[in-house]
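J.: Fold the following.
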Amino acid sequence: MQVCTREFFTAHLGSGCESPDPIFIVGLPRSGSTLIEQILASHSQVEGTMELAEIPRLVHQLSGREINDESPLYPQVLGTLSAAAVARVRADYLAQHPDLSLRQSFFH
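T.: Got it, this is the predicted structure:
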C-alpha cells in the first residue's frame, strides 16, 4: 500500500500492455478470486490459466540475488523502475506466454 499508490499508478499510466488481454485477477487467499476466474472462464472466449509461476519469478528477479528479509527490495523497487524497465518486465512476462495475445486469459 505504501508503494502502489494512486500517484504510482498515475506515473505509470500508459506504460502497460496495449492489448486488451491478458486480464489479471488479483486476490488474497479466500477472497473469491478463484470463483471470479471460474465464472469468467465459463465463457467460450475466455481461458482461465489458474496461478502461473511467472509473477513469483519476476518478484524474485526484482528482489535481486541477495535476499534480505529485514529490508527486502520488493515491492519498494517498483517505485524506482523507469518506463524502459517496466517495458522490459512486461515483455519478459508476455514472452513466457506468447499465446496470450491470441486469447483472453485470467491470472490471479
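J.: Could you pull up phi and psi at Pro29?
T.: Pro29 adopts backbone torsions of phi -50, psi 140, taken as degrees, to the nearest 10.
J.: Check the gap between it and Glu51 for me.
T.: 11 Å (Cβ to Cβ, to the nearest Å). Just so you know, the C-beta spots here come from the backbone N, C-alpha and C atoms, and that holds for glycine as well.
J.: Please apply the same query to Leu35.
T.: 14 Å.
J.: Specify the local secondary structure of the residue nearest to the spatial centre of the chain.
T.: For the chain, the residue lying nearest the average C-alpha position, counting by Cα atoms, centre = their mean, turns out to be Ile55 (6.0 Å). Recorded secondary structure, Ile55: helix (DSSP: H, G, I helix; E, B strand; the rest coil).
J.: Could you number the chain from 722 rather than 1 from now on?
T.: With the count now opening at 722, the last piece we talked about shows up as Ile776.
J.: residues making contact with the longest helix along the chain?
T.: Counting residues, the longest helix found in the chain (DSSP state H) is helix 804-816. Helix 804-816 is contacted from outside by His733, Ser736, Gly737, Cys738, Glu775, Ile776, Leu779, Leu783, Leu802, Leu821, Ser822, using Cβ atoms under 8 Å, 6 or more residues apart in numbering.
J.: if we go to 10 Å?
T.: With contacts defined as Cβ atoms under 10 Å, 6 or more residues apart in numbering, helix 804-816 is touched by 732-733, 735-738, 740, 743, 773, 775-776, 778-779, 782-783, 798-799, 802-803, 821-822, 828.
J.: Pull it out as CSV, backbone CA atoms only.
T.: This file holds the C-alpha atoms of helix 804-816, laid out as CSV (Å, rounded to 0.1, in the frame of the first residue of the first chain):
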residue,chain,number,x,y,z
ALA,A,804,9.4,3.3,-18.1
ALA,A,805,12.0,1.2,-20.0
ALA,A,806,12.4,-1.2,-17.1
VAL,A,807,8.7,-1.6,-16.8
ALA,A,808,8.5,-2.3,-20.5
ARG,A,809,11.3,-5.0,-20.1
VAL,A,810,9.4,-6.6,-17.3
ARG,A,811,6.2,-6.6,-19.3
ALA,A,812,7.9,-8.0,-22.4
ASP,A,813,9.6,-10.7,-20.3
TYR,A,814,6.3,-11.7,-18.7
LEU,A,815,4.5,-11.9,-22.1
ALA,A,816,7.4,-13.7,-23.7
